[in-house]
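> Any chance you can model this:
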Amino acid sequence: MKTSISFNKPWKQKLIAGLFWLLLWGGLSAVIHKEIYLPSPYTTLKQVVINLSLPEGWLILGLSWIRVWGGFFLSFSLGILLGFPSGLISGIYTWLEPMVQIIKSTPVIALILLVLIWVPSDLVPLIISFLIGFPVIWAQTTEGVRRTDPKLLEMARVFHLSPIKRMKQIYFPSAWPAIRHASQTAVGLCWKASVAAEVLSHPRLAIGSKLYDAKVYLETPDLFAWTMILILASMITEKVFVAFFHQRRDLNANH
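Down below sits the predicted model:
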C-alpha cells in the first residue's frame, strides 16, 4: 500500500512554519547561551506560566484588555457616528478631515507624550487606543457610504423611502463591509498603541509597565514572557472579533 503525506493543507504548513521558527529560536539561544540576551523557548514558556499563575498576572492582563477595548469601542462608535454624515454631506467631511489627518500624521510617541500632559496616566492608553482606531474606522465608513450603488439610491427615490429606511436598508449594508474590514485593522493597531502608551505612562497594573520594568532590571525572560502573553492576547482578541463579525454577516445574510 502506498502511503503519501500531504503538506498542502494550510494548517500543516502553518504548523511546519511555526516549528521551524521555534527551532531556530531555540538554536540561537543555545549558541548564545546567555539568557540575558536571548532566553530559550522553554525558559520563556516557564515564565509565562509563572506570570499567569499569580492573581496579579490575570488582573494586569484584564486591565490592559479593558483599556484596549475601551478605546476601540469609542473609536468604533464615534467613527461610525461621524463617518455616515461625513459620507453624505461634503461640508461635514471638509470640517472633520483636517482634524483626522493631523491625528493620522502625528507619530504615536508624540500623541502619547501630549496626552500624558493633559490627563491622568491611567487614562492615557485608552485615549491613545481611541486616537489610533478612530481615523481608520471614520475614513472607511465615509468611503463605504460614498460607494453606495447609485441605482439603489434611484430606486429609493422612486419608491419614496424615508431617510431612516434608506439608512437602514441601503447605506448601512453598503458601508458594512468597509466598516468590518476597518474594525479588524483597528483592533490590532489599538493593541499596539495602547501597550506603547502603557510603557510611557506606566500605570501600576499594565502589560506595558511590566515590559518597561523587565527592560530596566534586565529581566529578559520576563520581558519575553510578557511579550508572548501580549501577542497571544492580541491574536485571541482578533480571532474572537473576526468570528463575531462573520456571525453577524451570516445572520444578516439569512435575514
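> State the distance from Met167 to Arg147.
Distance of Met167 to Arg147, computed by CB to CB, to the nearest Å: 15 Å. Heads up, the C-betas are built off the backbone N, CA and C, glycines and all.
> Which residue is the nearest non-sequential neighbour of Leu96?
Of all residues not flanking Leu96 in the chain, Ser86 sits nearest, at 5.7 Å (CB to CB, 6 or more residues apart in numbering).
> Same question for Val68.
The spatial neighbour of Val68 that comes closest, neighbours along the chain excluded (CB to CB, 6+ apart), is Ser194 at 4.6 Å.
> Extract the CA atoms of stretch 41-49 and return them as PDB.
C-alpha atoms of stretch 41-49 as PDB (Å, rounded to 0.1, in the frame of the first residue of the first chain):
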ATOM      1  CA  PRO A  41      11.600  29.000  24.400                       C
ATOM      2  CA  TYR A  42      11.400  26.700  27.500                       C
ATOM      3  CA  THR A  43      12.500  29.500  29.900                       C
ATOM      4  CA  THR A  44      10.100  31.900  28.300                       C
ATOM      5  CA  LEU A  45       7.200  29.400  28.500                       C
ATOM      6  CA  LYS A  46       8.000  28.700  32.100                       C
ATOM      7  CA  GLN A  47       8.000  32.400  32.900                       C
ATOM      8  CA  VAL A  48       4.600  32.800  31.100                       C
ATOM      9  CA  VAL A  49       3.200  30.100  33.400                       C
END
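> Would you mark the buried spots in that stretch?
Under the neighbour-count criterion of 16 or more other CB atoms under 10 Å, stretch 41-49 has 43-44, 47-48 buried.
> Repeat that for stretch 19-39.
In stretch 19-39, counting by 16+ other CB under 10 Å, buried: 25, 29, 38-39.
> Stretch 57-67 too?
Neighbour-count burial for stretch 57-67, counted by 16+ other CB under 10 Å, picks out 57, 60-61, 63-65, 67.
> And stretch 89-98, by the same measure?
Here stretch 89-98 shows 92-93, 96 as buried, counting by 16+ other CB under 10 Å.
> Then stretch 225-244?
So, applying 16+ other CB under 10 Å, buried residues of stretch 225-244: 225-230, 233-234, 237, 241.
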